[in-house]
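S.K.: Give me a 3D structure for the following:
(one chain, ligands or ions: 2)
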Amino acid sequence: MNILKPIDLTKILKNKEEPNDKENKTLKDMKKMVEEASKIAIFTHESPDGDAIGSTLSVYLALKQIGKEATMYMPEHSRLFDFLPGAKEIKTELNENEQFDLAIALDCSDLKRLEGSEWFENAANTIVVDHHGTNMMFGDINFVNSVSPACAQILITILEYFEIEITKEIGTCLVTGILTDTGGFQYEGVTPETYEFAGELLRVGVDIPSISARVLQTRTMPNFELLKKVANRMELFENGRIAFSYIDEKDEEEVNAEAGDHEGLVDVGRSIEGVEVSIFLRQKGEEGYKASLRSVNKVNVSDICYLFGGGGHPRAAGCFIKGNLEQAKNKIIGETKKWMD
Ligand code: 5GP
Ligand code: MN
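M.R.: Ligands and ions are numbered 1, 2, ... in the order given. Modelled structure (predicted):
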């Protein structure tokens, strides 16, 4: 494969994102832990999004570059990301007795949401890299930066510390994480480094326009069918400032939905003029509904989700709500109303 010249990340990171003393110590410990490990596994959160998958693959490819084989584990993921380098190497199953001497968790705030947490917990050493403010610091080493717009953006600092070359392949995975978590460099979490890094990636041949087209502008047919249902059922509350919609399991069966086909449906409500909070519920078995919340520019939805045992970011968060549709809907709308002013 065509490996292009390394990016001069030192130039980008020197002034703005140079790790502080504490981060430098963490990076040093992390490097030692990685160097000493021979059996490494990479884990991420359930229902993995572009940042989860992009971060996982970039770490996998980076480790490979320094001569370390790693196992990636995701029971399922959206086929929209199958084009990414290394995606075919993702394992959907792991042997029950498998034992790793290093487990790395990416883009995941707590063990409860980590797919494969049992192997993570049994590993001799663990590293957590994440950008959720609600991170529980569940690793031996935790590198968490809640102002970073994507886990993939934090990895740039780490890769540069490890002196790993950001190849076209690694850059493709990293930018996928950044693009999906920032809605295409749009959300308020973006930093100057986000754009500078994108510029450098273009220079090494990463095809950002076609990656954007694939991960931001393409819908699977089931996702489009679900979107129609979500739009038809949209309800507005609080003078049009809260949007609410949902899908249940029957809807997903009807359209033959596969992993990831519900992604992005919460954005339909957010796009309506005047809406500040968009709420989307997705049925998960008899027990209840998974809630996705988005806000436009004011309400901290992470605080709302935290009350239900979930979390996330100020403008994008989630939680699980027990009960039938009516109950779950009343609970989440009732709580959200309290946070509107
Ligand atoms: P989504 O609505 O796309 O599932 O998630 C939005 C954001 O909230 C993501 O950053 C995701 O990791 C986080 N998130 C979603 N559900 C939960 C949850 O149940 N617990 C926690 N801690 N974070 C969540
Ligand atoms: Mn993320």
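S.K.: okay, CA-based contacts and neighbour counts for the rest of this
M.R.: Noted.
S.K.: Phi first, then psi, for Lys290.
M.R.: Backbone torsions of Lys290, given as degrees, to the nearest 10, read phi -90, psi 120.
S.K.: Break down the stretch 1-150 of the chain into its strands, ranges please.
M.R.: Applying DSSP state E, counting those that start in this stretch to the stretch 1-150 of the chain gives strands spanning 40-44, 70-72, 102-106, 125-130, 141-144.
S.K.: Now those strands in a markdown table, please, with extra columns for distance to Pro85.
M.R.: As requested, the strands of the stretch 1-150 of the chain are exported to a markdown table (distance: least, CA to CA, whole Å):
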| stretch | distance to Pro85 |
| --- | --- |
| strand 40-44 | 16 |
| strand 70-72 | 13 |
| strand 102-106 | 18 |
| strand 125-130 | 21 |
| strand 141-144 | 25 |
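S.K.: of all the ones you listed, which lies closest to ligand 2?
M.R.: strand 125-130 (7.4 Å; CA to the ion).
S.K.: Can you name the residues of this structure that neighbour ligand 2?
M.R.: When proximity is defined as CA under 5 Å from the ion, the chain approaches ligand 2 at Asp51, Ala150.
S.K.: Can you give the domain ranges for the chain?
M.R.: Per the record, the chain has its domains at 9-216, 221-338, by automatic domain parsing.
S.K.: Helix, strand, or coil at the closest residue to Trp339 other than its chain neighbours?
M.R.: Distances taken as CA to CA, 6 or more residues apart in numbering put Val299 closest to Trp339, at 6.7 Å, once the chain neighbours are dropped. For Val299, the assignment made with DSSP: H, G, I helix; E, B strand; the rest coil gives coil.
S.K.: if we can go back for a sec, can you tell me which of the strands of the stretch 1-150 of the chain is most buried?
M.R.: strand 102-106 (a mean of 27; mean count of other CA atoms under 10 Å).
S.K.: That strand to strand 40-44, inter-axis angle?
M.R.: 20 degrees (axes from the mean of the first three to the mean of the last three CA atoms, to 10 degrees).
S.K.: Just give the strands next to strand 102-106 in its sheet, each with its orientation.
M.R.: strand 40-44 (parallel), strand 125-130 (parallel) (DSSP bridges).
S.K.: Reformat these into a markdown table and put mean pLDDT and distance to Ile332 next to each item.
M.R.: Listed next are those as a markdown table, based on pLDDT from 0 to 100; distance: least, CA to CA, whole Å:
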| stretch | mean pLDDT | distance to Ile332 |
| --- | --- | --- |
| strand 40-44 | 98 | 26 |
| strand 125-130 | 98 | 26 |
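S.K.: Between its first and last residues, what's the separation in stretch 304-320?
M.R.: 12 Å (CA to CA, to the nearest Å).
S.K.: how about that stretch: buried residues?
M.R.: 304-305, 308, 310-320 (16 or more other CA atoms under 10 Å).
S.K.: re the thing from before, ligand 1 is nearest to which of the domains of the chain?
M.R.: domain 221-338 (3.3 Å; CA to the nearest ligand atom).
S.K.: now that closest one, how far from the centre of its chain.
M.R.: Offset of domain 221-338 from its chain centre (CA atoms, centre = their mean, to the nearest Å): 17 Å.
S.K.: Please determine whether it lies in contact with ligand 1.
M.R.: Yes - interface with ligand 1: domain 221-338 contributes Ser292, Leu293, Gly310, Gly311, Gly312, His313, Ala316, Ala317, Gly318, Cys319, Phe320 (CA under 6 Å from any ligand atom).
S.K.: host element of Lys337?
M.R.: For Lys337, the host element (DSSP states H and E) is helix 325-338.
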